[in-house]
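Colleague: Structure, please.
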Amino acid sequence: MTILKSLISRPTTQAISTPTSSARREFGEDAIRMTDLPITDPLVQYLQSVNGAVDIGTLKFESPVLNALRKSGAKLIMPLVSQGELVGLLNLGPRMSEQDYSADDRGLLNNLASQAGPAVRVAQLVRQQKIEAREMERLAQELQVARLIQQTLLPKENPNLPGWQIASHYQPARAVGGDFYDFFERPDGKLVITIGDVTDKGVPAALVMATTRAVLRGASRRMLSPGDALERSNNLILPEIPPSMFITCLYAILDPVSGRLQFANAGHDLPYRRCDAKVEELRATGMPLGLMPDMKYEEKQIMLDPGDMLLLYTDGLVEAHNPKHVMFGFPHLHDLLQTSDAEKGGDLINHLLDELANFTGAGWEQEDDVTLVTLHREGNAKRFSMTDKTEEWITLKEFTVPSEPGNERIAMKQVAEAIQSLDLAAPQVERLKTAVSEATMNAIEYGNKNNPELMVIVRVLSSRNKLAVRISDQGGHQEIPQAPVPNLQAKLAGEQSPRGWGLFLIKNLVDEMNIIPTADNNTFELVLYLEGGKHGS
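Modeller: Numbers count the residues shown, from 1 in each chain. Modelled structure (predicted):
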C-alpha cells in the first residue's frame, strides 16, 4: 500500500496545490512522492470506512502515517480505491490563496479519485510484474553462476589407471544442487575418490560444494587416512557454512596395485560392490560434515579383486519418483546391480540411466542432481585360484620394499612380526618365512627386473581358518610357468637349468600357492591353514 503525493499537476483554478518547498526540503523528494502505507495503521483502517476527501485537521486519533502527513504539510487526503481496495492516497497541501477547499474542489477530487484509483492499481500491478521479472532474471543468473561453478570444479576427465576402468556421469537438475565428485592422485601412487552432496540448491550449495572440495583436497595432500580426512574436513567446514546446511560425503583411498580400498562415510548413501553375482553394501558409520564438531568416522577396507566393480552415487538416483509418486529406491538399485550383465563401468552407468528413464517416464521433471561413479578392476577372477571370498579377512599388515637384492630378508622379517599374534608353531613360521623370501626374490628379479624404483607390495591377511600372504610385483603381466618337479641328476648333468627350485620349494612349504596375474602385475598368494592343513597341526 502506498501514499501518492503530488500525483497530478496543479489545475488552472489553483484548487489543488503541491506540498510546500519547505516540506520537500525536510522530508526529501522520495518521501513526498511515495511511502509505505501499513495496513495496521489506524488511518488506513479509518479510510477504508469513508468515502470522499478527508480534512486531516479534523482527525483526532494517533497514527504514525497521519503524523507524517501533517509534517509534510498535507491538509486534505483523498482515498484512491480500486475494486473495493484502498490502493493509495491523494494528498493535498493548503491552497495558494489560503482559502478552504470548496465543494466544487471536493467534487473535482472525487471525479479524479474515481479515475486515479484504477490507474494506480494498474501501475502497481505493472510495477509488481517488473519486480517479479527482475527476480526471475536474477534467479536465472544465479542458477547459471551455480552451474558454472559446479561444472568448472567437476573433473574434466577420469583417471587413467592401468588395470582399472573409472567411469562417471553427472546429470544436473533444473534447480542446481550441490552434488560433487573428485579424484586426487597422491604422491604414493594411491588414488583418493570422493563423492558428496550438499543439502541445498543454487549458488549457496555450489559455493559450499566448492569449499568442501577444496578442504577434502587439502586433506588428501596431507596423506591422511579416510577417517582422519573426514574429521579434519568437518572441523574446517563447520564454522564456514550456514547452520541449515550440511554435506554428505564418502571418502575412499584406492591402492591400484593391490586393489585395497580404504573408506569412511560421512552420512552418504552406501556404495555397492559387485563381485561375480553377489552385490553387497559397504557400510561405515559417520555423521554428515558441518553438523557437529570433533566427530569421529569409522574406517573400513576391502579388497577389489579382478572383475570386481564398485558403484558410488548420490540420492538423486534412488529418490527419483515416477508419475505414481513411487520412489526408485535402494532395493530396486540393488536388484539392477545383481541382474545386470554389464562388464564395464560405463555400460553399468548407461544401464542404470536407461532404467531410471523407463521408471520415471518421458514427462519426468528431475528433482535433484544424479551423479554416478564406477570403479572396475579389469580381469576375470574366476580364472585364478584365490583365497576364499566367503572368508572374513583382516589385514594384519601391508608394506612395500624396493626391488633390490637382499630386501627379501626385510619382507621375511616384517611378515614374521605381523603374524606373532597368531601363535603359530615355530616350524610353521620358519616354513612361511622361507616361502615369503623365495616369492619376494622372484618378484624382485623376475617381476621388477631389479629396478629399485619399482616396489614389491606385501599384504598379510588372516581369517578364522587361514593365513594368506600376497606378494605383488609392478613389472606388468608375465607368464609364470607351473612349478616343475626338479630332477637333481639332470641338473647335475647340465641337462636342466640349475635354477627353477624356487616355485617348487614355495609350493611345498605352504598349504596353497596361487599365482594371480593381472594386466599390471603378478601376485603370489601363499596360504597356510591354521587348523587341519598339512602344515596346520
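
Colleague: Let me know how buried L108 is, in neighbour terms.
Modeller: Counted with other CB atoms under 10 Å, residues neighbouring L108 total 17. Yep, even glycine has a C-beta here, placed from its N, CA and C like the rest.

Colleague: element containing it, please.
Modeller: helix 103-153 (DSSP states H and E).

Colleague: And T434, by the same measure?
Modeller: With DSSP H and E as the criterion, T434 is inside helix 426-442.

Colleague: what comes up buried for that helix?
Modeller: Buried residues in helix 426-442, counted by 16 or more other CB atoms under 10 Å: 428-429, 431-433, 435-442.

Colleague: Can you tell me which of the residues you listed is closest to P204?
Modeller: T440 (54.2 Å; CB to CB).

Colleague: which helices and strands sit right next to the helix holding T434?
Modeller: On a contact count with 3 or more CB pairs under 8 Å, 6 or more residues apart in numbering; DSSP states H and E, helix 426-442 meets helix 408-418, strand 455-462, strand 466-472, helix 501-509, strand 522-529.

Colleague: The second one versus strand 522-529: what angle between them?
Modeller: Read that as strand 455-462. Following axes from the mean of the first three to the mean of the last three CA atoms, to 10 degrees, one obtains 20 degrees for the angle between strand 455-462 and strand 522-529.

Colleague: and strand 455-462 with helix 426-442, angle?
Modeller: 150 degrees.

Colleague: and what of the fourth one?
Modeller: For helix 501-509 against helix 426-442, the angle by the same axes, to 10 degrees is 150 degrees.

Colleague: Report the buried residues of helix 501-509.
Modeller: Buried residues in helix 501-509, counting neighbours by 16+ other CB under 10 Å, are found at 502-507, 509.

Colleague: Return the residues in contact with R459.
Modeller: 258, 260, 395, 397-398, 469-470, 472 (CB atoms under 8 Å, 6 or more residues apart in numbering).

Colleague: Just name the closest of those to S168, please.
Modeller: R260 (21.5 Å).

Colleague: What segments of the stretch 201-350 of the chain are strands?
Modeller: Per DSSP state E, counting those that start in this stretch, the stretch 201-350 of the chain carries strands over the ranges 247-254, 260-266, 272-275, 278-281, 299-303, 309-313.

Colleague: okay, which residue is most central for the protein?
Modeller: G196 (1.8 Å; CA atoms, centre = their mean).

Colleague: That one and L250 touch, don't they?
Modeller: Yes - using CB atoms under 8 Å, G196 is in contact with L250, at 7.1 Å.

Colleague: Now list whatever residues contact both of the two.
Modeller: 266, 268.

Colleague: who wins for proximity to S114 among the helices and strands packed on helix 426-442?
Modeller: Per CB to CB, nearest to S114 of the helices and strands packed on helix 426-442: strand 455-462, 91.3 Å.

Colleague: okay, that closest one in CSV with CA atoms only?
Modeller: Provided in CSV are the C-alpha atoms of strand 455-462 (Å, rounded to 0.1, in the frame of the first residue of the first chain):
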residue,chain,number,x,y,z
MET,A,455,58.1,-51.7,-5.4
VAL,A,456,57.2,-55.2,-4.2
ILE,A,457,53.9,-55.0,-2.3
VAL,A,458,53.3,-57.4,0.5
ARG,A,459,50.0,-57.9,2.3
VAL,A,460,49.4,-60.2,5.3
LEU,A,461,45.8,-61.3,5.9
SER,A,462,44.1,-63.7,8.3
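
Colleague: Just give me the neighbour total for the spatially closest residue to P242 that is not a sequence neighbour.
Modeller: Take P242 and drop its neighbours on the chain: the residue closest to it by CB to CB, 6 or more residues apart in numbering is P204, 6.9 Å away. Using other CB under 10 Å, P204 has 17 neighbouring residues.

Colleague: Show me how the record splits the protein into domains.
Modeller: 2-127, 154-314+367-382, 385-529 (automatic domain parsing).

Colleague: need those domains in JSON lines with mean pLDDT and distance to E142, can you?
Modeller: Below are the domains of the chain laid out as JSON lines (pLDDT from 0 to 100; distance: least, CB to CB, whole Å):
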{"stretch": "domain 2-127", "mean pLDDT": "69", "distance to E142": "22"}
{"stretch": "domain 154-314+367-382", "mean pLDDT": "89", "distance to E142": "5"}
{"stretch": "domain 385-529", "mean pLDDT": "80", "distance to E142": "46"}
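
Colleague: Just say which of those domains is most tucked in.
Modeller: Across those, averaging neighbours per residue (mean count of other CB atoms under 10 Å) puts domain 154-314+367-382 on top, at a mean of 19.

Colleague: That domain: how far from the chain's middle?
Modeller: Relative to the centre of its chain, domain 154-314+367-382 is centred 7 Å away, using CA atoms, centre = their mean, to the nearest Å.

Colleague: do the same with stretch 356-375
Modeller: 16 Å.

Colleague: first to last residue in that stretch, what's the distance?
Modeller: Stretch 356-375 has an end-to-end distance of 20 Å (CA to CA, to the nearest Å).

Colleague: how near is L454 to I506?
Modeller: Between L454 and I506 the distance is 21 Å, computed by CB to CB, to the nearest Å.

Colleague: now do N160
Modeller: Taking CB to CB, one finds N160 at 34 Å from I506.

Colleague: Not counting residues beside it along the chain, what's closest to the residue nearest to the centre of the chain?
Modeller: C249 is the one closest to G196 (CB to CB, 6+ apart), at 3.7 Å.

Colleague: Can you name the residues bridging to the one you found?
Modeller: G196, A266 (DSSP bridges).

Colleague: what do you get for the one 4 residues further on?
Modeller: In this structure, I253 bridges to V192, Q262 when assessed by DSSP bridges.

Colleague: That one and T194 touch, don't they?
Modeller: No - assessed by CB under 8 Å, I253 is found out of contact with T194, at 10.1 Å.

Colleague: Hmm, H268 and M287 touching each other?
Modeller: No - assessed by CB under 8 Å, M287 is found out of contact with H268, at 11.0 Å.

Colleague: who touches the residue nearest to M441 when sequence neighbours are not counted in this structure?
Modeller: Nearest non-adjacent residue to M441, counting by CB to CB, 6+ apart: E408, 4.7 Å away. With contact set as CB under 8 Å, 6+ apart, E408 has these partners: 436-438, 440-441, 444.
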